[in-house]
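Enquirer: from the sequence below, what's the structure:
(2 chains)
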Amino acid sequence: DAGVTQTPRHEVAEKGQTIILKCEPVSGHNDLFWYRQTKIQGLELLSYFRSKSLMEDGGAFKDRFKAEMLNSSFSTLKIQPTEPKDSAVYLCASSFGPDAETLYFGSGTRLTVL
Amino acid sequence: SQLAEENSWALSVHEGESVTVNCSYKTSITALQWYRQKSGKGPAQLILIRSNEREKRNGRLRATLDTSSQSSSLSITATRCEDTAVYFCATDLDTNAYKVIFGKGTHLHVLP
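Expert: Numbering: from 1, shown residues only, chains lettered A, B, ... in the order given. Okay, here's the model as predicted:
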């Protein structure tokens, strides 16, 4: 079975640009998560979907970050407008759910905002 | 503040030695998970231990869970250079089991 696929692997953006990161979860998984990873803050949960419904909208991240799940096999994370502090690795993960179950992660997208 | 925290930022051991990574957490949980992340990859789960379990093993790995002290440990025996990675503990909030929160990780270096 294919794992979680994230594209692109690397993204460079100018401050103020809009970028869209993509994720394809493991087939058959019901839960999808977006995390941001930095050295200082570690892994921070941005968004969480269960069966395509948004369960967690990111709290402090919600103003410029928007995650969508267009169908059960594809999700996007839009950052608009980007700021240099958004430079990080963005990780997508999926799981069968519903309770604490194994999260399967993609390899991430490394975003650099200049 | 972190809901889950590993107790060491970095550890170094020599190949063949054993090492233990500790984790403390702040809420009641349904399960605690240990993940390992190698450079350039996403985290991969090593062990999931549920709140009614006290110990779980996976090959050279052994995880313990003490709900009374809200702590967990991950022990690796006979370490290998390829065990070099960042190790995370992750917990869910008992009231929101879907929300898996990660600690900041322990960097383990296994030296030849």
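
Enquirer: report the beta-bridge partners for residue B:25.
Expert: In this structure, residue B:25 has beta-bridge partners residue B:4, where bridges are defined by DSSP bridges.

Enquirer: any part of the host helix or strand of residue B:110 near chain A?
Expert: Secondary structure assigned from DSSP states H and E places residue B:110 in strand B:106-111. No - Strand B:106-111 is not in contact with chain A by CB under 8 Å from any CB of the partner chain; minimum separation 10.4 Å. To be clear about C-beta, it is placed using only N, CA and C from the backbone, and glycine gets the same treatment.

Enquirer: which elements pack onto that strand?
Expert: Secondary-structure packing of strand B:106-111 (3 or more CB pairs under 8 Å, 6 or more residues apart in numbering or on different chains; DSSP states H and E): strand B:10-14, strand B:19-25, strand B:85-93.

Enquirer: now tell me what touches it from outside.
Expert: Outside strand B:106-111, the residues that touch it by CB atoms under 8 Å, 6 or more residues apart in numbering or on different chains are B:6-15, B:19, B:21, B:76, B:79-88.

Enquirer: which residues sit against the host helix or strand of residue A:76?
Expert: Under the assignment given by DSSP H and E, the secondary-structure element containing residue A:76 is strand A:74-79. Outside of strand A:74-79, the residues that reach it under the criterion CB under 8 Å, 6+ apart are A:18-25, A:32, A:34, A:46-47, A:49, A:64-70, A:86, A:90, A:92, A:111.

Enquirer: which of the residues you listed are buried?
Expert: Buried residues within the contacts of strand A:74-79, defined by neighbour count using 16 or more other CB atoms under 10 Å in any protein chain shown: A:19, A:21, A:23-25, A:32, A:34, A:46-47, A:49, A:65-67, A:69, A:86, A:90, A:92, A:111.

Enquirer: what does chain A put close to chain B?
Expert: Taking CB under 8 Å from any CB as the test, the list of chain A residues beside chain B reads A:4, A:31, A:33, A:35, A:41-43, A:45, A:48, A:50, A:55-56, A:91, A:93, A:97-108.

Enquirer: write the ChimeraX selection for whichever of those residues are buried.
Expert: The buried residues among the residues of chain A next to chain B can be selected in ChimeraX (16+ other CB under 10 Å) with this line:
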select /A:4,31,33,35,42,43,45,48,50,56,91,93,97,100,101,102,103,104,105,106,107,108
